[in-house]
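J.: Sharing a model that was predicted from the sequence below.
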Amino acid sequence: MPSLGVVEVLDMKTSFDSEVAKPAMPGAGRSATIGLKRSPSRRSDLSSRLGNLIDENLAMTLQSARFTAEAYPSSTTFASLAQAEESAGNNDNAITNALKALELCAAGGDRANDDPFAARLSLEVLLRADMLDEVLAFVPRLSISSQFQVELAAILGWRGRFTEAMNQLHATKSPEREAVQGFLLLMQGEDNASVPFLRSALRRDPEDADTALNLSIALWNLGSKRKSLNAAMQARKVASGREDILSHSLELLLAEGQPARVDAEMRDLIRRGLEPSARLLILQARARIALDDVTEAVRILDRASAKATRDADTDLVAEINSNSLRLRANLGKLDREEAVARLVSLHAEYPTADVVVANLGQVVWRRAHAQSLRAAFADIEEQTTPARAAFLRYQLATLEGNNSEAADRALEWVDLEPSNGSALTAAMVAIGIGEERWNDAARYAMNVVNSGSSGTAEVNNAAYILSMAGLGDVAVDLLSSHLDGSFIMTATLGLSYLASGDIDRGMRLYREAAQAAEKRQDDSRSLMTAYQALVVRQLGLQFAADPTMVSALSLPAFPLPDNWQDRPEFLRLHKVALRHGYDWPLSVS
Amino acid sequence: MSPSPVAGAEAWIALLQAKEFHNYRLDRCIGRGAFGLVFEATNIQTSDHFAVKVLQPTTDPNHASEFHNEGVLLQHLNSSDGVINYIDGGVAIVDLPIAAGQSIPLEFRYHVLTMAGGSLDELIENPVARNQLSWVERLRFFRDAVKAIRQMHANGVAHRDLKSSNCLMLVRGNLTTIRLGDLGRAKDLRMPPSLPDEYYMTGRGDLRFSPPEHLYLQGGNAMGDFLAADYYGLGSLLVELATGQGLTALTLGNFRSVLQQSHAEQDTGFRRDLGGLSSRYRAVLLDVVSILPKSIQADAQIVLMNLANPIPGARLTASPFSRDRRSTEPLDWVLRRVDIMIKRLELEAHAASRTRQKIGARS
């Protein structure tokens, strides 16, 4: 039952962590290429022959580099040998030769001995050996190109050593420094300050894909969505093979409400030979969800999961599988109890993945689940985002029937995520229905009215709150433009008429809704009856009108489900009934 | 031909030294290739000096095939002045002593080639020697290599192993020119592929100079694939002349990690888009260009970005300059651009010399 005081957080919105693009280190796009289809080497003998040829080439390279360094010892040949040794897996030899080359470079000290690329090659070998401090110690003694100094600043920034990075950058006059300065500022969260540097760098070199991507990220963070998209498209134009750029641009299109375009672009890329990565498949699945094709989205997520598993990307596997389980539960393709059990076991497998717990928090629905959720939450509480933590605390309080705590947590959640429909609904339900602070709750309900939101749960709960806050007419207007034929909205419309004083019409709508609810053969009828009894008392209708008539028109008593004490939606009403000293189960008579 | 250590090579050198291969006496070993030895030799009748390349008899059977292939292609290219001349060749019998008074006859295949004064790597592997080379000289060497590759392609042959150590220097008076040697991996483009797919995927050769498609196991066996690999080789050669290092060495870092990743991806049917390497190549090439004289940086950047594009097909596109569009000869635009760069440097040098003269006259 998606409304009437039930905050249904189990919806189609996915909770993927991979939605935020990361800045690109200038000039380092090597690992971010997209994949194209090719026939896998099904024959293991081909794979084995390829392996042999790879070993031969590595050996040949090492042999040649060793002989050359022996025959013509110089910074040039030692640097080359360092790289060949590193590639052969001889790390100690690699470091020894890199240091030898660097000493020769540093000892030269005049233009005749200048060998900046031997220095560069050797420093890169040391950097890959995680010897950044040794590299920094050598740099002042070497004649290295300003381009490499700028790259070094970017590496320092990437490792979070911003002060050293800026010092390194200030030591160069390279025109490329602006791109790195922008990158460093972006890495430190100074989006506004980064934009002029990135813009200027991009004007100087329009084909610098890393800077275009970084500019797009900065502009997006600043809320300039159109400009951000333009910069992302510029990056895509000059680096069509970069997966980070492709996925960032698709992410922006999704956020801009263009899922059809994302889906069309993905289909086109796949038709042209793209072998999508797990992250690109996630984007396509999210587009299909936005297009209301959840069944296809789940199929795509299955493929994404297989790829992430193959790549041994455990964080991504946890992310995809937990979202997939939740979507299946939402589609009704997986029993919700089974979904809870599988998410609990997924959490045991990936105990640090907070996304699994977030999805578990959306699937749990009984008080009995609170224990599992609380245990899982304790594992990730320190590392999860504040909004996710607020949601999980709200969900725990709700499951345990703690109305007061649920209201506090719902407020915390909606403050952190004011545009999240589920957070808004949670605030209205917890403050209004749970705590009966109707005027406070009405502020959030009016947000729904003013925003023109069309979400069923938001609209229905807003109408409920407005009715109870004395704004029955506003509630009737709101509901009238959103009626979807569901018994839930019909019942809430009945409530709105009751609140407006039209008892006869209100009760009639309630009865229509109750008949429809009874066909569902679940606990909707029982909950609806309890709600009607509560609102009749809260509105004081038994005093304002003929009590016999009210009693005659109202829904007849309906038994509570056997497990009502395990059901948060009944526990919430029970708490309210206790507060007022009403009989339980609630009834009009 | 830069020597490389081959197991047992010393024993073969000792055996062959001073032996006569028909009309040629092997004087001294001047180089060792992957599967052969190179001797300076004297023609017994004319006393002229030549280089004799000898195939070691203990090597892989594939090497014999490559050695034979090299001989055939060198003869085919004998009219090209960009390729080392093939003079003669055949099989010589040399007795290998196995015990006192006993020996067994061994067959040695050999090619007789024009004697070169050395190879280009000898000049650039030492930073002092490299820094003494003027940019005009370096560009002239590069131009010779471009011209040689253009001739080879026009004759239906791809070199496939372009690097400074395979650029042989011929000295005639004051003029040193480059000729390409070591055609062991060359491909006759008129013939269908003769090796299993994996040989073309990986390329085979020194990884420091290999095109990226070979490190990502995406090398192909079509004519365009071979031509694109040679174009990359030219770009890498210009980088070597400027820096002493191969372009792939400067861009791809740890070869093993790239190869292992590619091998794993090949097994699962994943093919990486080489366009994703553009940023890295761009950064390195800009760094290389930054050490060139200012007046030629723009042209050199365009030449390098085109020849060394990580996407093989993109290397083969027409000239980026509209004035070259009428030319139907591939690489003509590169030669023209190199000529412009040389001319510009010469004019600068001339202007500088005149300025110095004026200053000298005033003082």
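T.: Everything's here; your move.

J.: For the residue of the stretch 1-150 of chain B found nearest chain A, which non-adjacent residue is spatially closest?
T.: With C-beta to the nearest C-beta as the measure, residue B:127 is the residue of the stretch 1-150 of chain B nearest to chain A, at 4.0 Å. Just so you know, the C-beta spots here come from the backbone N, C-alpha and C atoms, and that holds for glycine as well. Counting by C-beta to C-beta, 6 or more residues apart in numbering or on different chains, the nearest residue to residue B:127 once its immediate chain neighbours are dropped is residue A:115, at 4.0 Å.

J.: burial of the residue in the stretch 201-350 of chain A positioned nearest to chain B, as a residue count?
T.: Going by C-beta to the nearest C-beta, chain B is nearest to residue A:241 of the stretch 201-350 of chain A, at 2.6 Å. Neighbours of residue A:241 under the rule other C-beta atoms under 10 Å in any protein chain shown: 24.

J.: Quick check: it touching residue B:280?
T.: No: the pair residue A:241 and residue B:280 fails to qualify as a contact (C-beta atoms under 8 Å) at a distance of 11.4 Å.

J.: How about the residues of the stretch 201-350 of chain A by chain B?
T.: Within reach of chain B by C-beta under 8 Å from any C-beta of the partner chain, the stretch 201-350 of chain A has these residues: A:207, A:208, A:209, A:210, A:238, A:239, A:240, A:241, A:242, A:243, A:275, A:310.

J.: Count the residues that sit near the last one.
T.: Taking other C-beta under 10 Å as the neighbour definition, residue A:310 ends up with a count of 13.

J.: Then the first one?
T.: By the criterion of other C-beta under 10 Å, residue A:207 has 16 neighbours.

J.: So it: helix, strand or coil?
T.: Classification of residue A:207 by DSSP: H, G, I helix; E, B strand; the rest coil places it in coil.

J.: contacting residues around it?
T.: If you count contacts by C-beta atoms under 8 Å, 6 or more residues apart in numbering or on different chains, residue A:207 has them with A:238, B:282.

J.: Got phi/psi on it?
T.: phi -100, psi 10 (degrees, to the nearest 10).

J.: Make a PyMOL selection of the buried ones in the residues of the stretch 201-350 of chain A next to chain B.
T.: Here is the PyMOL selection string for the buried members of those, based on 16 or more other C-beta atoms under 10 Å in any protein chain shown:
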select buried, chain A and resi 207+208+209+210+238+239+240+241+242+243+275
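
J.: The residues of the stretch 201-350 of chain A next to chain B in strands, which ones?
T.: Counting by DSSP state E, the part of those found in strands is residue A:275.

J.: Turn the residues of the stretch 201-350 of chain A next to chain B into TSV, columns for distance to residue A:486 and pLDDT.
T.: Below are these laid out as TSV (distance: C-beta to C-beta, whole Å; pLDDT from 0 to 100):
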residue	distance to residue A:486	pLDDT
A:207	55	79
A:208	53	83
A:209	49	85
A:210	50	88
A:238	50	76
A:239	48	74
A:240	47	72
A:241	48	71
A:242	46	80
A:243	42	83
A:275	43	81
A:310	43	88
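
J.: any low-confidence regions in chain A?
T.: Applying pLDDT under 70 to chain A flags residues A:1-21, A:27-44, A:108-112, A:521, A:545, A:589.

J.: Quick check, pLDDT for residue B:292.
T.: Residue B:292 carries a pLDDT score of 95 in this model.

J.: That one is in contact with residue B:241, isn't it?
T.: No: Residue B:292 is beyond contact range of residue B:241, at 10.2 Å (criterion: C-beta under 8 Å).

J.: Pull the number of nearby residues for residue B:168.
T.: 23.

J.: element containing the closest residue to it other than its chain neighbours, please.
T.: Leaving aside its sequence neighbours, residue B:168 sits nearest to residue B:116 (C-beta to C-beta, 6+ apart; 3.7 Å). Here residue B:116 sits in a region with no helix or strand, counting by DSSP states H and E.

J.: Report the contact partners of residue B:116.
T.: B:51, B:84, B:168, B:169, B:170, B:179, B:181.

J.: Equivalent analysis for residue A:342, please.
T.: Residue A:342 neighbours (C-beta under 8 Å, 6+ apart): A:325, A:334.

J.: Tell me how far residue A:389 lies from residue A:322.
T.: 17 Å (C-beta to C-beta, to the nearest Å).

J.: Compare the two (neighbour count), which wins?
T.: residue A:322 (29 against 22).

J.: Following the chain past whichever strand or helix holds the more buried one, name the next helix or strand.
T.: Element membership for residue A:322, per DSSP H and E: helix A:314-331. Next helix or strand after helix A:314-331 toward the C-terminus (DSSP H and E): helix A:336-349.

J.: Return the alpha-carbon coordinates of that next one using PDB.
T.: Output of helix A:336-349 as PDB, limited to C-alpha atoms (Å, rounded to 0.1, in the frame of the first residue of the first chain):
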ATOM      1  CA  ARG A 336       9.700  -9.200  -0.300                       C
ATOM      2  CA  GLU A 337      10.600 -11.400   2.600                       C
ATOM      3  CA  GLU A 338      13.000 -13.200   0.300                       C
ATOM      4  CA  ALA A 339      14.400  -9.900  -0.900                       C
ATOM      5  CA  VAL A 340      15.100  -8.900   2.800                       C
ATOM      6  CA  ALA A 341      16.800 -12.300   3.400                       C
ATOM      7  CA  ARG A 342      19.000 -11.900   0.300                       C
ATOM      8  CA  LEU A 343      19.900  -8.300   1.100                       C
ATOM      9  CA  VAL A 344      20.900  -9.400   4.600                       C
ATOM     10  CA  SER A 345      23.100 -12.000   3.200                       C
ATOM     11  CA  LEU A 346      24.500  -9.600   0.600                       C
ATOM     12  CA  HIS A 347      25.500  -7.300   3.400                       C
ATOM     13  CA  ALA A 348      27.300 -10.200   5.100                       C
ATOM     14  CA  GLU A 349      29.200 -10.700   1.900                       C
END
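
J.: Please spell out which residues along it are buried.
T.: By 16+ other C-beta under 10 Å, the buried positions in helix A:336-349 come out as A:336, A:339, A:340, A:342, A:343, A:344, A:346, A:347.
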